[in-house]
Every structure is written in structure tokens, then in C-alpha cells.
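K.L.:
Model the structure of this input:
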Amino acid sequence: MTEDNKQAARADVDLEEMVASSDSGARKPVGAPGKLLVGVAAVWSLFQLWIASPLPFMAGFGVFNATEARSIHLAFALFLAFMAYPATKRSPRDRIPLQDWIMAIIAASAGAYMFIFYEQLSHRPGSPILQDVIVGVIGILLLLEATRRALGPPLTIIASIFLIYSLAGPWMPGILAHRGVSIYGLVNHQWLTTQGVFGIALGVSTSFVFLFVLFGAMLDKAGAGNYFIKVAFSMLGHYRGGPAKAAVVASGMTGLISGSSIANTVTTGTFTIPMMKRVGFSAEKAGAVEVSSSVNGQIMPPVMGAAAFLMVEYVGISYVEVIKHAFLPALISYIALVYIVHLEALKANMQGLKSSNPPKPLVRKLIGFLGGLLLMMIAALVVYYGLGWLKPILGDATPWVAAVVLAAIYVGLLKLASNYPELELDDPNEPVFTLPQTRPTVLVGLQYILPVLVLVWCLMVERLSPGLSAFWATVLMMIIMITQRPITAFFRGRSNFSADVREGFLDLWEGLIAGARNMIGIGIATATAGIIVGAVSQTGVGLVLADVVEILSMGNLMLILLLTAVLSLILGMGLPTTANYIVVSALLAPVIVQLGEQNGLLVPLIAVHLFVFYFGIMADVTPPVGLASFAAAALSGGDPIRTGFQAFYYSLRTAALPFLFIFNTDLLLIDVSPLQGVLVFIVATIAMLIFAAATQGFMITRNRWYESILLLLVAFSLFRPGFWMDMIHDPYESIPPAQFVQALGEADRETPLRLKVRGEDAYGDEQVTYMTLPVPEGKTGEERLENLGLELLIEDDKAIVDMVTFGSEAQEMGFDFDQQIEEVLAPVSRWPKELMWFPALVVFGLVVLLQRRRRSHQQATGAEA
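P.N.:
Presented below is the predicted three-dimensional model:
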């Protein structure tokens, strides 16, 4: 073996260890301990499938309530964490030391304590005995050690600080001081209730996240990961900078099923980064493209690194609503990244790879694409309306008929795939690499799309819970893993049935193990993040953080958002996606809500949560702790810090989006019609492409400095036309508070009023807040006020809250006795804000004209572009 090959082999080993240490555990013991480790992992996967399925209720046994299931879930995660993750870099990888065995057993027992002693604990709520406290203290300490091993020091340190803060409240300085909690109170809150470790985050990990991670692991083991990469390369590899464009699309498709930006980077990057370097990308830029596209996979529905399921619980809206709101910004961000890659290729005059597809004129390509799209739409309509029509006729037999039809489609797709050669794993470092043909590549793996369609159907059409939807999709995936080899081999006329079935079961076994091992870190992360959430609820530290941000920002709305974004970046450093979201949403989302209400920024809660989530995710890119950048640099041979900064530069579009959808919630498809949604998508995509051209300094040719400024101005105007329209015509009319009842009676029910209210906060200090008031039912203002649950005392020009009905809408909104309504703002009719798009597009046309003339001149004179 040559020295280069030895170095490459060592690099591959280092990379595998990096991914394993961050995702599935670096330890692979041999002999009986190794078999026990994989056996427990497989049992964990089977347990999660069991509690998600209808089988326990049908069989009448094995039914666990939410708290018991969380307890068992954490026990598995803790046991496997100590078995799979070595204590230090020098710890053995091929065996499990005695101390790790002891800690694994004790930690699992502490984790399962809520399940084992559930009856006894239910009889002494809030009154822990000494045994409870001892178990809780041991459990918390071992959970922190498991976190250090599985996720590194950052989350361990943050959780430890919050534990110390809970106990040391009376000795804290200034505004940080609080009354403190006893060790009994701390353990009861954090370990014996569902307020801390066993809270919502661990519940979501137990109910939903595990099954989606398992589904993704099985898809990958079945060959879907390689299929996605091959399809992307076959379609895009021959264009300018084609491998980079293919990397973006492949990483996006892999990110749909992956819960880890690092695993996503390495999975696709192993193939894409060498190909990008081949067509002219530097090592740092190749790594940065892969990092940007892989990390963006975490903001792409339906999984979003498991954050989508947490948002359901934290925001209080349905899963379908979360997907709807998150989809458009993520899609726009991906389209812009493809365009950035295109601009990089234009700047360097790169070429694509050699295509195997027969040459086709552009018209034929367009007709083929539109024909395929139309066929998919017709098929979707037939399935949707066909089943809708058949359901009343078939009744209870509908699922069985649907299963038979699905089986027939599956066999048909395998028959189609058998006409083409199997997809092999290629070496991207080969001297000559020819892209695969598109048609055979697409048709040979269409069966992998079926489980995804079943998942989407169950979620969006049947409106099943995410857990049950993922269960049925996983069941279909398991059937495919076992049967695809023997059926395809039969159609190819070379069946070796027993060997093929054995291979299928082996894939299934490895998928069960991989799913569980990939979940260790997420399970541990959600439990430890629960400590932070518990500390926030027990000490009220969230209010302190809001005060700090308010003092530093001096009440300036833009500074509030910028400080929150920076804090989200800092808190997110070194944390996996799930823990990242839990931490930033628990600490920083309430800050934006509270300070926004005091400064006139009233936005839906989902927009606030997506804002902090986006900036938390950016920590995976940003030096000095951007783990995905280190993984990409290990593959590309580039400098990790330079790769991270380049990836951050490419990700500016992702950093801009949260500020835009905070001020223009149309981007989140909130309160827009389907037609408006299509228009918003088209205009927002154009705006993001213009923004990318401005930040990259290149559009048709290299930008002049003033052209970049004009392009940024155009992009801003397309994203937020209301900013300019508000300057021309105020959207609200100020009404004297004494006329509030009259204004309420005249208001249109579709357009809520805005109120400025002065009152006292929880500490008795004076506070001004803004609120949106939905117009209730009623014919008169007095009737509507009564339906709202509000009684007012009108004195001179003042409107004072005299009574708030218990349980009424007014009480839920935050109205309280003795508050004063200082200002009533009623919407006024004005020109549509979208009119501001036209002058923006005129300016854009001017920039295009200037650049086209300059490029023509450069081409004529032979000057450099």
C-alpha cells in the first residue's frame, strides 16, 4: 500500500470515528458484550414499534401510559450510552470496562425508577422520601455523564449551570437572585414529575422521534441513500458545477430522513465532495457547499431534526400546520443554494461531468419534465379522490383493499426495476467518472418512494398521529427490506430465494440496530434538555433573560431580534438539533414574545419558534464549534475554520429568512389563500435569488458595489413590501380609548383590532403591552364586549378594565383588573402592499440591463468577466 493510500485509509477511519462518536457511539465490542449491545439496541427498536402500534390495545397487555413509556425509553438510552460511548479518547473500543458495566446498570435502573415504582410514587406526589432523592441524584449525575460521553461537554455544562443556579438562587447577584430550591424540591421537580427530565421533550422523543429516526435508518440500509445520490447526479451532474448542485439536492433528500447534520454531511459528502473538487471547487468551497446543504436538511420538513414534533407540543398547533408553515422558507433556502452554486460555477467558468444520457433538445426535455409532473398530479388526484369515493362503499374493508393495491403497485415497481441494472456504490475518486443515465437510475429505485408516500398520506390525509403514521411507514419499509431482493431476483430469472430472504432479514436487523444507536444521543439530549426546561419553570430565569436582553437592546426591536439571534447561535454551539431547539425555545422564544408585545411586534408563536430554531441550527455551521464543518473538512482535506466561514457565507440566505418571516408572516403561509400562497412562493423565491446574487457579488457578470446595494434593496422590497407601504399610508387608524366599544361594534370580524394596554407585571412594576384583539361574535359593540368577557369603566378619555370573566377569551389574552387601554388601532382600507413589487422590479430590470451591457462589452473586448 502506498503512503497516499495509507493516509486516505487513516482519514476514512478518523471520519468514521467522528460520525460514530457524535451519532451512534464509537465502541464496537467483540464477543458476548458486542452481541448484548446490538441485542439491546434491537430490543429498544422493537419496544418502540410495539408501543406505537395498535397491537397492545388489541392484545390487552403491554399497554404503558406516557410516563412509564418515557421511563423505559430513558432506561434504554442510558444503558446504551454507557455501553456504546467510551469515557475518554483513550478508553478501549473493542471491550466494555467493568466500571462502564456498573454505571450502565445503575443508570438504567435510575431511568426505569418511574416505571418500576410508578404506583408508590403516585401515592406520594410532591413528597419524595429519602430513597427517591438518592435515586434522583444518582440518576441526574449519571445522565450528565452520559450526555458528556454522547454529546460532548457543551450541553453537560449548560445543564449543570442550571442545576447549580436552581440550588444557589439566594446567593446570586442582582436580578439573577431567586428564593432557591431545596435538594428535595429539585429532585422531585427534575426526576419524579413530568416537569423536568421526563417532560415534554422526552415524551416527544419516545412517541414520535424514535420512529422517524428508525424509519430513516431503515431507508438508508435498504439502499435509498445511494439511490437519492445517484438520481441527483444523473439529473444535475452534467450542468455547470453539476456535482455541487447534485450535492445540494442529494443532501436535501437525505436530510428529509436524517436527524443529524453531521451524519448527513458525511453520508453524501463522501461521494459529492471529491466530485465537486474535480470540476474546480476548492477544498474549502466543496466542503462548505456540502455543509450548507446538509445543515439545511434540518430545517426541511417533515422531520426537521425532530424539532417539528417538539413544535407541535410547544406551540400548540397540529403537526400538519407546523409542516405547512415551515415548508416554504426551507424550500426557498434550498433553491437559493442551488443558485449560489450556479453563480460560483459561472465565476470560475466551471464545466459539468460527462453525461451518459442521449442528447435531447431543450423542448423535448421540457415536455418530458412537464409530462412526468402531470402524470404524478393525475395519479395523486386519482388515489385521493378514488379512495375518498371508495371509503363509504368498502367501509371497514378499505384498509385491506388499499393494502392489496399498494402490494400490487410495489410488485409492479420491482418488475420495472428488474429491467435495469442494480445501483452499485461508485468511487468518486476514479480518474474517469461517467454520470449514470437518468431514466434507468430513477426507475430502479421507485419502491423507496412508497413508504414516504404512505407516511405523507397518513399524516396529511388520514390525519393520524405522527407516531402512528411513522409506524405504518416503517412496517412497509420492513416488508420492502425483506422482500425486494427475492422478488427482483425472481423477475431477473436468477432467484436464490433462501439467500435473498436471509440478506433481507440481515438488512432489517442492521436497520433496527442502526435506528436505536442513532437514537441514543437524541434520547439523552432530550432528557438533559429537560433539566434546563425544568429549571426555567422552577426558578423563573426566563424572565431574567428577557430583562437582560431588554436592557442591552434599550427597547429597540431590531436589536432585540439581533441579540436573540446571537444568543441562539451561542447556545446552539455543539448541540444536536433536537437539544438545540429545546434549549433555544425554552430560553429565547419567550424573550421575543414578551419584549415584542411590549414594543409593538405581534407575531404568531410559530414564527418566533422558527426564528430561534433557524439560528440555533446555524451553530452547526459557524466556527469555532461547527461540527458539520469539521466533518466536511476531514473529507475535503481543507481547513475546518475556513470551511466553516465559507459555509456561513453561503448560509447568509438562511440567516436572513427568520428576520423576513418575523415581519412578513405571509412567508409562513399564515392567513393566506392557496392562490396567494403560490404568488408568495414565486415572488419570495425571486427575492431570495436576487439576495443570493447580491451577497455573492455576481449575477450576469461581477457586480459593481452599487449594484449589490440595489439588489439587496430590491430583495428586501419583494420580501417585505409592507415596509414601504406603511410609510406611504399607515395601516391603522388611532381611535380614542373612550370610543373602544363603538370601534368594536363597527369592526369587521375578519380584521382584528390592536390595543395598547398599560398595567402591572407579576412583580408589580408598570408595563405596557400590545395585543391583537380578535373581533368576537355579536351585533353591537356592547354584545361583542360581553362575549369577550370584558367589562370596562369609561372615565373621561380613559378606558379601564373593571371586570374580566373567569375562563373567558379576555382572560386567556391577558386582560386583568385595573388595566388601562391607552390606544385602540383599527385597520384601514388602503392600496395592496404588493404594489411596491412593481418599482422594485423596475430597479431590478435596470441592474440587469446594466450588467448585460457590461458583459457584452467584456465579450467584445475580450476582458475578464
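
K.L.:
can we go C-alpha only for contacts and neighbour counts from here?
P.N.:
Will do.

K.L.:
continuing past the longest helix along the chain, what's the next helix or strand?
P.N.:
In the chain, assigned by DSSP state H, the helix with the most residues is helix 497-539. For helix 497-539, the following helix or strand on the C-terminal side (DSSP states H and E) is helix 541-553.

K.L.:
Going by neighbour count, list what's buried in that next one.
P.N.:
541-543, 545-547, 549-550, 553 (16 or more other CA atoms under 10 Å).

K.L.:
Now that helix - C-alpha only, CSV.
P.N.:
Coordinates of each C-alpha in helix 541-553 appear next as CSV, following Å, rounded to 0.1, in the frame of the first residue of the first chain:
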residue,chain,number,x,y,z
VAL,A,541,-34.9,32.5,34.9
GLY,A,542,-36.7,33.2,31.6
LEU,A,543,-38.0,36.5,32.9
VAL,A,544,-34.4,37.4,33.9
LEU,A,545,-33.1,36.7,30.4
ALA,A,546,-35.9,38.9,29.0
ASP,A,547,-34.8,41.7,31.3
VAL,A,548,-31.1,41.3,30.2
VAL,A,549,-32.0,41.4,26.5
GLU,A,550,-34.3,44.5,27.1
ILE,A,551,-31.5,46.3,29.0
LEU,A,552,-28.9,45.6,26.3
SER,A,553,-31.2,46.4,23.4
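
K.L.:
That helix relative to helix 497-539, how many degrees between them?
P.N.:
Relative orientation of helix 541-553 and helix 497-539, computed by axes from the mean of the first three to the mean of the last three CA atoms, to 10 degrees: 70 degrees.

K.L.:
to the chain's geometric centre, what's the distance from the next helix or strand after helix 541-553?
P.N.:
Scanning forward in sequence from helix 541-553 by DSSP H and E, the next helix or strand is helix 557-572. Its chain's average C-alpha position is 19 Å from that of helix 557-572, according to CA atoms, centre = their mean, to the nearest Å.

K.L.:
for the buried residues of helix 541-553, which one is nearest D797?
P.N.:
E550 (30.8 Å; CA to CA).

K.L.:
rewinding a little: can you redo the buried residues of helix 541-553 as a markdown table with distance to E145?
P.N.:
Putting the buried residues of helix 541-553 into a markdown table (distance: CA to CA, whole Å) gives the following:
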| residue | distance to E145 |
| --- | --- |
| V541 | 25 |
| G542 | 26 |
| L543 | 29 |
| L545 | 27 |
| A546 | 31 |
| D547 | 33 |
| V549 | 32 |
| E550 | 35 |
| S553 | 37 |
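
K.L.:
The stretch 201-350 of the chain: helices as residue ranges?
P.N.:
Listed in chain order, the helices of the stretch 201-350 of the chain (DSSP state H, counting those that start in this stretch) span 210-222, 224-236, 242-257, 261-278, 283-296, 307-315, 319-347.

K.L.:
Closest one of the buried residues of helix 541-553 to W457?
P.N.:
When the buried residues of helix 541-553 are compared against W457 (criterion: CA to CA), the nearest one is G542, at 39.1 Å.

K.L.:
still on that earlier bit, now the longest helix of the chain: mean pLDDT?
P.N.:
For helix 497-539, mean pLDDT rounds to 89.

K.L.:
got it, and stretch 337-355?
P.N.:
Stretch 337-355 comes out at a mean pLDDT of 81.

K.L.:
Name the residues that touch it?
P.N.:
234, 237-245, 248, 279-280, 289, 292-293, 433-437, 650, 689, 692-693, 696, 698-699, 702, 865 (CA atoms under 8 Å, 6 or more residues apart in numbering).

K.L.:
at 6 Å what do you get?
P.N.:
Under the contact criterion CA atoms under 6 Å, 6 or more residues apart in numbering, stretch 337-355 has outside partners 237-242, 245, 434-435.

K.L.:
so what pLDDT did I72 get?
P.N.:
Note for I72: predicted pLDDT of 96.

K.L.:
Would you mind giving the helices of the stretch 201-350 of the chain as a markdown table with mean neighbour count and distance to P86 added?
P.N.:
Formatted as a markdown table, these follow (neighbours: other CA atoms under 10 Å; distance: least, CA to CA, whole Å):
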| stretch | mean neighbour count | distance to P86 |
| --- | --- | --- |
| helix 210-222 | 26 | 23 |
| helix 224-236 | 23 | 28 |
| helix 242-257 | 28 | 27 |
| helix 261-278 | 25 | 19 |
| helix 283-296 | 30 | 27 |
| helix 307-315 | 21 | 28 |
| helix 319-347 | 21 | 36 |
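
K.L.:
In JSON lines, list these along with distance to F659.
P.N.:
As requested, the helices of the stretch 201-350 of the chain are exported to JSON lines (distance: least, CA to CA, whole Å):
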{"stretch": "helix 210-222", "distance to F659": "30"}
{"stretch": "helix 224-236", "distance to F659": "31"}
{"stretch": "helix 242-257", "distance to F659": "23"}
{"stretch": "helix 261-278", "distance to F659": "23"}
{"stretch": "helix 283-296", "distance to F659": "17"}
{"stretch": "helix 307-315", "distance to F659": "19"}
{"stretch": "helix 319-347", "distance to F659": "11"}
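
K.L.:
so which of those gets nearest V804?
P.N.:
Of all the helices of the stretch 201-350 of the chain, helix 307-315 comes closest under CA to CA, at 25.3 Å.

K.L.:
How about the backbone phi and psi for Q767?
P.N.:
Main-chain torsions, Q767, degrees, to the nearest 10: phi -150, psi 140.

K.L.:
Tell me how many other residues crowd L414.
P.N.:
Counted by other CA atoms under 10 Å, the residues lying close to L414 total 23.

K.L.:
what's the answer for G845, then?
P.N.:
Around G845 there are 12 residues (other CA under 10 Å).

K.L.:
Save the contacts of stretch 337-355 as JSON lines, and put in pLDDT too.
P.N.:
Formatted as JSON lines, these follow (pLDDT from 0 to 100):
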{"residue": "G237", "pLDDT": "78"}
{"residue": "H238", "pLDDT": "78"}
{"residue": "Y239", "pLDDT": "80"}
{"residue": "R240", "pLDDT": "80"}
{"residue": "G241", "pLDDT": "77"}
{"residue": "G242", "pLDDT": "80"}
{"residue": "K245", "pLDDT": "84"}
{"residue": "T434", "pLDDT": "71"}
{"residue": "L435", "pLDDT": "76"}
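
K.L.:
Those, buried ones only, as a PyMOL selection?
P.N.:
The following PyMOL line selects those of the contacts of stretch 337-355 that are buried, judged by 16+ other CA under 10 Å:
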select buried, resi 237+238+239+240+241+242+245+435
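
K.L.:
and of the contacts of stretch 337-355, the nearest to P604?
P.N.:
Nearest to P604 among the contacts of stretch 337-355, with distances taken as CA to CA, is K245, at 34.4 Å.

K.L.:
Quick check: that closest one vs T695, distance?
P.N.:
The gap separating K245 from T695 is 19 Å, by CA to CA, to the nearest Å.

K.L.:
Spatially, which residue comes closest to the spatially most central residue of the chain, not counting chain neighbours?
P.N.:
When CA atoms, centre = their mean is applied to the chain, the residue found nearest the centroid is M304 (2.3 Å). Closest residue in space to M304, ignoring its immediate chain neighbours: Q298 at 4.5 Å, by CA to CA, 6 or more residues apart in numbering.

K.L.:
Nearest to A224, out of the buried residues of helix 541-553: which one, please.
P.N.:
G542 (43.1 Å).

K.L.:
measure the closest one to A589 for me?
P.N.:
Counting by CA to CA, the gap from G542 to A589 is 9 Å.

K.L.:
Also Q767?
P.N.:
Q767 sits 19 Å away from A589, going by CA to CA.
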